[in-house]
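Engineer: After the sequence you'll find the predicted model.
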Amino acid sequence: MIKLEGLHHITAITADAPVNVDFYARVLGLRMVKKTVNFDAPDVYHLYYGDEVGAPGSVLTFFELPGAPRGRAGAGMVDKIEWRVAGEEALAFWADRLAAEGVRTDAAGRLLHFADPEGLGHTLMTTTVADTPLRARAEGIPPEHALQGFQGVRAFARDAAASAPLLEALGMEAGPKGRWNASGPTRHGHLHLGAPPSEVGIQGAGTVHHIAWSVADDEELEHFRARVVQAGAQPTAIIDRQYFHSVYFREPGGVLFELASRDIGFDVDEPAESLGEALQLPRQHEPLRETLERTLTALPNPRAAA
């Protein structure tokens, strides 16, 4: 059976692109691998961070919605993004680094919890999986302590039992305490479905918009899309996102899923050595370049500023 290769990327929302770049590129040490715009709303940024090449499994992206109010995770939403680190020395390094930046942390055994400036929750955890570490190079962060890509996400499900048939159709394997594992030949990721809080969720700054699972190419997208239909969900057709092809659908618990291909990559429109430095536009929005370069907030190249 064809398996999902863990997570491909996670997309969240920010109301402040400069603050977002500073936190994720400078503080967390991720590489900004693409500076582009929202394909469906080209007057705002879509920023991508990841390892040195933006490998699937490392990529965290943000839609910028300037002035958006702070959101709150609730039923059908992701609550925390989980990252791998090498071990307890790495956890200690991050506890010190985040404290020096004024970021409150909460240590719990081999876990370190914190939130970004807009409240998006993160957890660093040591892991024993054999996946290749997906690291970026960053000033002040030793390679052995760098983030190594996603471990998984924690989400609030409206009805975790209702999600099971679709997750099984995607080839995920059920684990203890609401955990589902997407384990391919080379990469692994998990989805932890927990009980929602009493407060209603609000989509806004500091919340996750959707999570994407990794597939090889269009052939696999069609294969999984058929499984999704058979499980009773309503997937989109394959959509060209320039750096990957995608299919979207909402799972029964409410979380918006994407299946994204890993056969294209972020160097399709700029050299790997200069990823994220210049504004890249999807072909349909290239006529807007002059206007967008004048109206979008200027964002420095994080590596030039380091």
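Structural biologist: Sure, I can see it. Source: prediction; values computed, not measured.
Engineer: and the closest residue to T127 other than its chain neighbours, how many neighbours?
Structural biologist: Nearest residue to T127, sequence neighbours excluded (C-beta to C-beta, 6 or more residues apart in numbering): R84, at 4.6 Å. Where you see a C-beta, it was placed from the backbone N, CA and C, and this is true even at glycine. If you count neighbours by other C-beta atoms under 10 Å, R84 ends up with 23.
Engineer: what does S198 give?
Structural biologist: S198: 7 neighbours (other C-beta under 10 Å).
Engineer: For V19, see how far away G206 is.
Structural biologist: According to C-beta to C-beta, to the nearest Å, G206 stands 11 Å off from V19.
Engineer: what sits in contact with each of those two?
Structural biologist: Residues within reach of G206 and of V19 at once, by C-beta atoms under 8 Å, 6 or more residues apart in numbering, are E118.
Engineer: Those two: which has the busier surroundings?
Structural biologist: With neighbours defined as other C-beta under 10 Å, G206 and V19 compare such that G206 has more, 22 against 13.
Engineer: so the more buried one makes contact with L120?
Structural biologist: Yes - under the contact definition of C-beta atoms under 8 Å, G206 touches L120, with a separation of 4.5 Å.
Engineer: what residues are shared contacts of these two?
Structural biologist: Residues touching both G206 and L120 by C-beta under 8 Å, 6+ apart: A12.
Engineer: Enumerate every residue touching the residue nearest to A205 when sequence neighbours are not counted.
Structural biologist: Of all residues beyond its chain neighbours, the one nearest A205 is A15 (3.9 Å), with distances taken as C-beta to C-beta, 6+ apart. By C-beta under 8 Å, 6+ apart, the contact set of A15 is 64-70, 118, 204-205.
Engineer: How far does stretch 124-133 stretch from one end to the other?
Structural biologist: 14 Å (C-alpha to C-alpha, to the nearest Å).
Engineer: ok now that stretch, how far from the chain's centre?
Structural biologist: How far stretch 124-133 lies from its chain's middle: 17 Å, per C-alpha atoms, centre = their mean, to the nearest Å.
Engineer: gap between the two ends of stretch 199-219?
Structural biologist: For stretch 199-219, the end-to-end distance is 41 Å (C-alpha to C-alpha).
Engineer: Check the average confidence over it, would you?
Structural biologist: Averaged over stretch 199-219, pLDDT sits at 97.
Engineer: Pull out the buried residues from that stretch.
Structural biologist: 201, 203-215 (16 or more other C-beta atoms under 10 Å).
Engineer: gap between that stretch and the chain center?
Structural biologist: On the basis of C-alpha atoms, centre = their mean, stretch 199-219 sits 7 Å off its chain's mean C-alpha point.
Engineer: Ok, stretch 248-262 next?
Structural biologist: 13 Å.
Engineer: repeat for stretch 194-207
Structural biologist: Relative to its parent chain, stretch 194-207 has a centroid offset of 17 Å by C-alpha atoms, centre = their mean.
Engineer: can you check stretch 279-290 too?
Structural biologist: Its chain's C-alpha centre and that of stretch 279-290 lie 24 Å apart, by C-alpha atoms, centre = their mean.
Engineer: burial count for the nearest residue to G152 once chain neighbours are set aside?
Structural biologist: Excluding the flanking residues, the one nearest G152 by C-beta to C-beta, 6+ apart is H190, at 3.6 Å. Residues lying near H190 (other C-beta under 10 Å) number 21.
Engineer: ok, H190 to E277 distance?
Structural biologist: Separation of H190 from E277 (C-beta to C-beta) stands at 34 Å.
Engineer: what do you get for H192?
Structural biologist: Taking C-beta to C-beta, one finds H192 at 36 Å from E277.
Engineer: Which one of the two is surrounded by more residues?
Structural biologist: Using other C-beta under 10 Å, the more surrounded residue of H192 and E277 is H192, with 21 against 17.
Engineer: Show me the beta-bridge partners of that one.
Structural biologist: R154, R179 (DSSP bridges).
Engineer: Test my guess that it contacts A155.
Structural biologist: Yes - the pair H192 / A155 is scored as a contact, 7.0 Å apart, by C-beta under 8 Å.
Engineer: Give me the spatial nearest neighbour of D131, chain neighbours excluded.
Structural biologist: Using C-beta to C-beta, 6+ apart, the nearest residue to D131 is R187, at 5.1 Å.
Engineer: What's the local residue count around the one you found?
Structural biologist: A count of neighbours around R187, defined by other C-beta under 10 Å, yields 25.
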